[in-house]
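K.L.:
Generate a structure from the sequence data that follows.
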Amino acid sequence: MAKRFLGSVGKAEAFKIVDGKLQLAFVSKTLTDSGLNIQTTKEDIRGGQGAPIQFSFYHDPSVEITLTDILWKPEYLEAQLGANFKDPNYTSNHEAYISKTYAFVNGVYTLAETDPTPKALKDLQCANDAVLVWGAKQGTDEWRMIKYTASNGTLKVLQADGVSEDATANGNYCVRYLASDSRALVAEISTQIIPQELFLIITAPIFAGDACGGASKGKAAGSITFEVPRFQLNGAQEFQMNMSSNQTMSLSGIALASESAECDAVGGKLLRIIEVIEDRDWKSEVANIMSDEEYEVVGKTPHIYAVMNDGTVTPVALEDLTFAPALVEEKFTSAAQYTITLTGTNKTTNANVQQAGE
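P.N.:
Below is the predicted model:
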């Protein structure tokens with residue numbers, strides 16, 4: 001039996017449901033971590049002398065998922081915190097704190113028509129509609145408040161007390177304030193944080209060992225995919241800026257149960273795990289093949305199915321089959337008995353093709 005192992009990190013693809021339709025939320029190809037913790041809780045049932053364990057009872061299954069990306073993506077913020085940078089209902093969606101260099105004379109600078117106009121702050125309690133401007137003389141670290149007068153567009157440097165005007169302020173000043181900026185997009189995080197529920201697909205490589213069972217030399221043997229129909233994010237996003245490393249974006253949450261299509265199912269489903277091995281010979285797992293009689297008609301394309309050893313039924317592509325007599329443009333062309341063989345195997349079936357209407 002071939003030896004294989006899981007290695008590296010996965011790729012994540014997530015979709016959100018909008019008005020009953022799936023829309024792409026994000027694709028992550030630069031993850032440093034794509035972890036799934038699947039577990040359940042075991043209760044031991046004891047009885048008899050000495051209280052030995054007689055049975056075990058399992059409950060509270062859970063699937064915890066963590067994705068960590070090295071890149072900044074606004075889509076992550078929207079998924080975790082419900083903050084949308086393109087919210088059309090947010091009227092102040094194009095504003096930012098800007099830095100400008102202005103030449104002050106006797107502590108005063110008058111804004112030109114081409115200079116951005118300072119904007120009032122809207123969300124400050126007890127200081128609503130306040131205009132906040134501050135700055136420092138170029139080349140220094142002595143920051144001062146600057147008074148803005150909207151009626152004449154003047155900026156006046158204040159003294160250290162933040163009240164008196166400083167008429168001795170001359171030269172270039174680095175000035176900061178909030179202004180309109182067409183390049184800026186704003187996301188507002190409200191007190192009611194509602195993280196998204198996503199349809200999540202995580203795909204990671206499966207590697208092959210060498211012929212002697214040793215370490216892999218990087219040859220991928222296939223992939224493993226985790227399909228989570230209901231990935232509920234936990235609504236937490238941490239920002240830790242570090243002077244010597246990049247800030248990663250982390251998405252974590254749990255898999256919610258989805259209803260099972262089986263009538264007698266006692267519980268829902270949390271996820272599916274799909275294994276694909278590139279050199280797997282699926283034909284060796286076929287018990288027999290069969291033809292759908294509904295399509296055994298001249299002029300129709302045959303529908304052939306494989307019955308697998310485990311009892312499942314799956315359609316077979318025409319390129320994996322040999323027909324005698326041969327098809328023409330993938331259709332039956334004559335009323336006759338066709339012999340159909342799964343190419344490369346001894347699995348065959350017959351199709352008694354009739355003319356239409358017979």
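
K.L.:
Rank the helices and strands of this structure by mean pLDDT and give me the bottom one.
P.N.:
Least confident helix or strand, the chain: strand 4-6 with a mean of 85, by mean pLDDT, DSSP states H and E.

K.L.:
what comes up buried for the following helix or strand past it?
P.N.:
Scanning forward in sequence from strand 4-6 by DSSP states H and E, the next helix or strand is strand 11-18. For strand 11-18, the neighbour count (16 or more other CB atoms under 10 Å) marks Lys11, Ala12, Glu13, Ala14, Phe15, Lys16 as buried. No exception for glycine: its C-beta is placed from N, CA and C like everyone else's.

K.L.:
any chance you could map the strands in the stretch 1-150 of the chain?
P.N.:
4-6, 11-18, 21-28, 31-46, 53-69, 95-104, 108-110, 133-137, 143-149 (DSSP state E, counting those that start in this stretch).

K.L.:
Check the residue nearest to Asp320 when sequence neighbours are not counted and give its pLDDT.
P.N.:
Of all residues not flanking Asp320 in the chain, Thr343 sits nearest, at 5.7 Å (CB to CB, 6 or more residues apart in numbering). Note on Thr343: pLDDT of 94.

K.L.:
Which one of the buried residues of strand 11-18 is nearest to Ala326?
P.N.:
Glu13 (40.9 Å; CB to CB).

K.L.:
contacting residues around the closest residue to that closest one other than its chain neighbours?
P.N.:
Using CB to CB, 6+ apart and skipping the chain neighbours, the partner closest in space to Glu13 is Ile201 (4.6 Å). Taking CB atoms under 8 Å, 6 or more residues apart in numbering, we find Ile201 in contact with Ala12, Glu13, Ala14, Thr225, Phe226, Glu227, Val228.

K.L.:
redo that, cut-off 7 Å
P.N.:
Neighbour list for Ile201: Glu13, Thr225, Glu227 [criterion: CB atoms under 7 Å, 6 or more residues apart in numbering].

K.L.:
same question, Lys283
P.N.:
Leu342, Gly344, Thr345.

K.L.:
State whether the second one is indeed within a strand.
P.N.:
No - membership of Gly344 in a strand is not supported by DSSP: H, G, I helix; E, B strand; the rest coil, which gives coil.

K.L.:
Let's verify the residue nearest to it when sequence neighbours are not counted: helix, strand, or coil?
P.N.:
Take Gly344 and drop its neighbours on the chain: the residue closest to it by CB to CB, 6+ apart is Lys283, 6.2 Å away. For Lys283, the secondary-structure state derived from three-state DSSP is helix.

K.L.:
how close does Lys283 get to Thr345?
P.N.:
5 Å (CB to CB, to the nearest Å).

K.L.:
How many neighbouring residues does Leu321 have?
P.N.:
Counted with other CB atoms under 10 Å, residues neighbouring Leu321 total 20.

K.L.:
show me the contacts for it.
P.N.:
Ile304, Ile340, Thr341, Leu342, Thr343.

K.L.:
if we go to 10 Å?
P.N.:
289, 291, 302, 304, 306, 327, 340-343, 347-349 (CB atoms under 10 Å, 6 or more residues apart in numbering).

K.L.:
Only the buried subset of those residues, as a ChimeraX command please.
P.N.:
Selection of buried members from these for ChimeraX, criterion 16+ other CB under 10 Å:
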select :289,291,302,304,306,327,340,341,342,347,349
